[in-house]
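Asks: can't give you the sequence, but here's the structure:
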């Protein structure tokens, strides 16, 4: 996985025009119920964030792309859960991870709309909470409001953590 993250970060560093679409696709995949279980992309997003300060990539378009990609991933997951309800647990790869959906369900039932915001920041919940929200027919507009706000905050956090790490590494390189 480290090789994948390093190769992707190197590509973005060398081809900065691709930063926005790559971040959008990574965030979409990271938030999409089925894909995020197979290919966690948060490490690549942090690595791209590290390039922001040191390579001159503009933060704002990359941040918006990350937020939009994450929100669209959750939106699709919500729709999928809403549309296919009880059949979702039988589909691959969720059929291989039977504990994920019940955890998402319990979380959504306990926390309601705030579960969308909270779940965004916790690994397997990020994939299962929007799906569970769709299955259990959480109200559409409250879901979408929590979805888009949390996606923008999540994107900013990952990119800024990477940016701070990149600046710290650059400073340490100069001092050492």
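Replies: In hand now; what should we look at? Since this is a predicted model, take the numbers as computed values, not measurements.
Asks: ramachandran coordinates for residue 97?
Replies: Dihedral pair for residue 97: phi -130, psi 70, per degrees, to the nearest 10.
Asks: now the longest helix that the chain contains: mean pLDDT?
Replies: If you go by DSSP state H, the chain has its longest helix at helix 140-175. Helix 140-175 comes out with an average pLDDT of 92.
Asks: ok now that helix, how far from the chain's centre?
Replies: Centroid displacement of helix 140-175 relative to its chain, using Cα atoms, centre = their mean, to the nearest Å, is 11 Å.
Asks: buried set for that helix?
Replies: By neighbour count on 16 or more other Cβ atoms under 10 Å, the buried set for helix 140-175 is 143-144, 146-148, 150-152, 154-160, 162-163, 166. For glycine as for every other residue, the C-beta is placed from the backbone atoms N, C-alpha and C.
Asks: show me the shaky parts of the protein.
Replies: 1, 37 (pLDDT under 70).
Asks: ranges for the helices of it?
Replies: Going by DSSP H, the chain shows helices at 2-14, 19-31, 35-38, 42-55, 59-84, 100-111, 114-119, 123-135, 140-175.
Asks: deepest-packed of the ones you listed, please.
Replies: Mean neighbours per residue, mean count of other Cβ atoms under 10 Å, is largest over the helices of the chain for helix 123-135, with a mean of 26.
Asks: what angle do helix 19-31 and that helix make with each other?
Replies: Taking axes from the mean of the first three to the mean of the last three Cα atoms, to 10 degrees, one finds that helix 123-135 is oriented at 80 degrees with respect to helix 19-31.
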